[in-house]
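Engineer: A structural model of the following input is requested.
(one chain, ligands or ions: 1)
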Amino acid sequence: MKIVFATGNEHKLVEVRNILAGISEQIVSMKEAGIEVEIVEDGSTFEENAMIKARTIAQHTDALVLADDSGLEVDYLNGEPGIYSSRYMGEDTPYPIKNQAIIDRLENAEEKQRTARFVCAIAAVLPEKDGVRKELCVRGTFEGVIAHEIAGENGFGYDPIFYVPECGCTSAQLTTEEKNARSHRGDALRKMRELLEKEGY
Ligand code: IMP
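Structural biologist: Now for the predicted structure:
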């Protein structure tokens with residue numbers, strides 16, 4: 001069975017292929033599936049945005065479609081940057097600047113107020129059965145705290161300021177395998193895998 005994953009990001013595809021191996025050996029990106037559409041992510045939650053992406057792609061294929069939406073929620077900043085994580089301070093602003101800005105905004109926060117989490121919602125639109133395309137949605141999380149300094153070279157985005165207490169380092173200091181085993185995306189993908197298995201896939 002073919003799965004189309006709504007992303008242009010090769011790193012995400014590798015992770016998805018690893019975690020969903022067994023359910024499908026043919027997980028392709030939108031591009032590989034020959035689907036080129038403009039997706040307007042105007043939802044107000046991670047789940048809504050993931051579902052918007054999955055439904056848009058599903059209009060162009062009969063295959064099972066998966067889409068994700070993720071971001072960083074900082075509790076002291078009332079959940080910012082949240083669904084605006086990639087757009088925070090402007091899409092083209094380099095992450096070292098965004099990351100330092102978040103550290104600076106937490107200058108007056110007490111240690112216990114530095115909690116944060118990466119969130120990932122994954123939505124699925126299943127192939128048609130009895131005239132309907134069933135939809136599923138799951139949320140995965142990765143809990144941590146905002147570091148006092150930028151540290152680490154691995155990962156991407158906000159990883160260098162995301163301190164993982166049980167590892168004693170930031171998620172940018174974890175290997176890919178260590179991060180995948182704990183990450184919000186890994187968590188959501190494993191939950192989606194369970195739901196798909198219950199659906200008989
Ligand atoms: P998207 O789901 O690919 O649109 O990701 C949204 C944004 O959230 C990314 O551009 C990053 O800023 C942030 N983000 C999501 N997941 C991670 C992660 O694992 N590490 C660091 N930043 C992340």
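
Engineer: Can you tell me how far the residue lying farthest from the centre of the chain is from V65?
Structural biologist: Distance from the C-alpha centroid of the chain peaks at D130, with 31.2 Å (C-alpha atoms, centre = their mean). Counting by C-beta to C-beta, to the nearest Å, the separation of D130 from V65 is 18 Å. No exception for glycine: its C-beta is placed from N, CA and C like everyone else's.

Engineer: how many other residues sit next to the closest residue to the ligand within the chain?
Structural biologist: Per C-beta to the nearest ligand atom, G157 is where the chain lies closest to the ligand, at 2.6 Å. Using other C-beta atoms under 10 Å, G157 has 19 neighbouring residues.

Engineer: Next up, the contacts around it.
Structural biologist: By C-beta atoms under 8 Å, 6 or more residues apart in numbering, G157 lies in contact with 72, 85-86, 95.

Engineer: On the three-state scheme, it is what?
Structural biologist: Here G157 is coil, with the state taken from DSSP: H, G, I helix; E, B strand; the rest coil.

Engineer: And the lowest-mean-pLDDT helix or strand in the chain, what does it pack against?
Structural biologist: Lowest on mean pLDDT, DSSP states H and E among the helices and strands of the chain sits helix 10-19, with a mean of 86. For helix 10-19, the elements it packs on are strand 2-5, strand 26-29, helix 176-182, helix 184-198, judged by 3 or more C-beta pairs under 8 Å, 6 or more residues apart in numbering; DSSP states H and E.

Engineer: mind running it again at 7 Å?
Structural biologist: strand 26-29, helix 184-198 (3 or more C-beta pairs under 7 Å, 6 or more residues apart in numbering; DSSP states H and E).

Engineer: thinking in terms of the whole chain, how far from its middle is the longest one?
Structural biologist: In terms of C-alpha atoms, centre = their mean, to the nearest Å, the centre of helix 184-198 is set 12 Å apart from its chain centre.

Engineer: That one: which residues count as buried?
Structural biologist: By neighbour count with 16 or more other C-beta atoms under 10 Å, helix 184-198 contains the buried residues 184-189, 191-193, 196.

Engineer: Now do it against helix 10-19, angle only.
Structural biologist: Between helix 184-198 and helix 10-19, the angle comes out at 40 degrees (axes from the mean of the first three to the mean of the last three C-alpha atoms, to 10 degrees).

Engineer: how about the helices and strands packed on helix 10-19 in JSON lines, adding mean pLDDT and distance to H60?
Structural biologist: Output for the helices and strands packed on helix 10-19, formatted as JSON lines (pLDDT from 0 to 100; distance: least, C-beta to C-beta, whole Å):
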{"stretch": "strand 26-29", "mean pLDDT": "94", "distance to H60": "13"}
{"stretch": "helix 184-198", "mean pLDDT": "95", "distance to H60": "21"}
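
Engineer: In TSV, list these along with distance to E110.
Structural biologist: TSV is the format used below for the helices and strands packed on helix 10-19 (distance: least, C-beta to C-beta, whole Å):
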stretch	distance to E110
strand 26-29	43
helix 184-198	25
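
Engineer: Mind checking those for the one nearest to T170?
Structural biologist: Minimum separation from T170 across those (C-beta to C-beta) falls at helix 184-198, 14.9 Å.
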